[in-house]
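Peer 1: sequence and predicted structure below; questions after.
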Amino acid sequence: MPTDLEKQTRESIDKNKVWFRSNDAYAKYVQNAHGKLRSEIESQLTNAGNLLDIGNGGVFNYDTSLAEAITALDLSLDIFDGSFPPPHVTLLEGSALNIPIDGARFDSVVMVMLLHHLVGATVAQSRENVRRCIAECRRVLKPGGTLVIGESCVPQWFYRFEVAVFPVALVVVDKLVRHPPALQYTAQDLKTLIEEEFSNCDVLPVPKGKYDLEFGLLVPTWITPVRQFVFRAT
Ligand SMILES: C[S@@+](CC[C@H](N)C(=O)[O-])C[C@H]1O[C@@H](n2cnc3c(N)ncnc32)[C@H](O)[C@@H]1O
């Protein structure tokens, strides 16, 4: 039986910790190129109350005054290096696969650009990690609480391609690329996984901007099949 850490590969965990630590280029991109994602997340986060932000990475892709209190969770507190969160933010170290919180404490949970990073040794394990993360969100949410997810998704044909090349891609990314490995899902797939835990899930396509950031590279949106979506589940 793999431990929680083994469910997400060691390479994925280590590279996430290093890549996103004080990653000014990423933070700048989020401010500039993620503008439309930000406004869609904000419109779903009204009355956020006591909010848990999973995979925060020192980046708040929403107006922090929407929540009364925010717990920002990430794999390592080093990831928050150099960031000065507002006073109502508490930093918490731990994994989305085993959230270090007892009981249903939050009015809302947000995760922005996290799910495609929960990469395991196989496609099946990676999907299982997403399933487990969503179940963990359900566990820490109060009854009637809201889950808001901002995620980049791909069409079915591209997902099939990702699945076909996954074993090779994992080795290549591990050996040659500094960016963490990633597996992007279709919006329908994520809706289905979310609805295993939540009775309702709205899927909101985010209007395309000019550029998107993929594997750390800024690419014009017209050449990539990747699209951003916001999911709101209750
Ligand atoms: C693409 S960044 C997203 C940062 C931010 N949420 C945003 O709005 O752009 C992904 C973040 O997820 C974190 N992460 C990856 N795996 C995680 C896990 N198992 N548990 C918690 N955080 C994780 C990474 O360390 C990184 O900070």
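Peer 2: Sure, I can see it.
Peer 1: tell me which residues touch the residue nearest the centre of the chain, please.
Peer 2: Centroid-nearest residue in the chain, with Cα atoms, centre = their mean: L114, separated by 1.6 Å. Listed by Cβ atoms under 8 Å, 6 or more residues apart in numbering, the contact partners of L114 are I54, G55, A96, C133, I149, E151. (Glycine included, C-beta is placed from N, CA and C.)
Peer 1: kindly reformat these as TSV containing distance to P143 and neighbour count.
Peer 2: As requested, the contacts of L114 are exported to TSV (distance: Cβ to Cβ, whole Å; neighbours: other Cβ atoms under 10 Å):
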residue	distance to P143	neighbour count
I54	19	25
G55	24	23
A96	21	25
C133	20	23
I149	19	26
E151	25	22
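Peer 1: just these: which are in strands?
Peer 2: Among the contacts of L114, the ones falling in strands (DSSP state E) are I54, I149, E151.
Peer 1: show me which of those residues neighbour the ligand.
Peer 2: Counting by Cβ under 6 Å from any ligand atom, I54 from those sit close to the ligand.
Peer 1: which one of the ones in strands among the contacts of L114 sits closest to the ligand?
Peer 2: Minimum separation from the ligand among these (Cβ to the nearest ligand atom) is found for I54, which lies at 5.8 Å.
Peer 1: in this structure that closest one contacts L115, no?
Peer 2: No - look at I54 against L115 with Cβ atoms under 8 Å: they stay out of range, at 9.7 Å.
Peer 1: between these two, which contacts overlap?
Peer 2: C133.
Peer 1: re the thing from before, in CSV: the contacts of L114, plus distance to A67 and pLDDT.
Peer 2: CSV is the format used below for the contacts of L114 (distance: Cβ to Cβ, whole Å; pLDDT from 0 to 100):
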residue, distance to A67, pLDDT
I54, 14, 98
G55, 16, 96
A96, 18, 97
C133, 20, 98
I149, 16, 98
E151, 20, 97
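Peer 1: tell me if the host helix or strand of K17 is near the ligand.
Peer 2: Assessed by DSSP states H and E, K17 sits inside helix 10-19. Yes - residues of helix 10-19 contacting the ligand under Cβ under 6 Å from any ligand atom: N16, K17.
Peer 1: and that helix, what does it pack against?
Peer 2: Packing partners of helix 10-19 (3 or more Cβ pairs under 8 Å, 6 or more residues apart in numbering; DSSP states H and E): helix 156-176.
Peer 1: format the CA atom coordinates belonging to the helix it packs on as PDB.
Peer 2: What follows is helix 156-176 as a C-alpha-only set of coordinates in PDB (Å, rounded to 0.1, in the frame of the first residue of the first chain):
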ATOM      1  CA  GLN A 156     -10.600  14.500 -25.200                       C
ATOM      2  CA  TRP A 157      -8.300  14.000 -28.100                       C
ATOM      3  CA  PHE A 158      -5.400  15.700 -26.400                       C
ATOM      4  CA  TYR A 159      -6.100  13.800 -23.100                       C
ATOM      5  CA  ARG A 160      -5.800  10.500 -25.100                       C
ATOM      6  CA  PHE A 161      -2.500  11.800 -26.400                       C
ATOM      7  CA  GLU A 162      -1.300  12.600 -22.900                       C
ATOM      8  CA  VAL A 163      -2.300   9.200 -21.700                       C
ATOM      9  CA  ALA A 164      -0.400   7.500 -24.600                       C
ATOM     10  CA  VAL A 165       2.800   9.400 -23.900                       C
ATOM     11  CA  PHE A 166       2.600   9.500 -20.100                       C
ATOM     12  CA  PRO A 167       5.100   6.800 -19.200                       C
ATOM     13  CA  VAL A 168       7.700   8.300 -21.600                       C
ATOM     14  CA  ALA A 169       6.900  11.900 -20.700                       C
ATOM     15  CA  LEU A 170       7.300  11.200 -17.000                       C
ATOM     16  CA  VAL A 171      10.900  10.000 -17.600                       C
ATOM     17  CA  VAL A 172      11.800  12.800 -20.000                       C
ATOM     18  CA  VAL A 173      10.400  15.500 -17.800                       C
ATOM     19  CA  ASP A 174      12.200  14.000 -14.800                       C
ATOM     20  CA  LYS A 175      15.500  13.900 -16.600                       C
ATOM     21  CA  LEU A 176      15.400  17.000 -18.800                       C
END
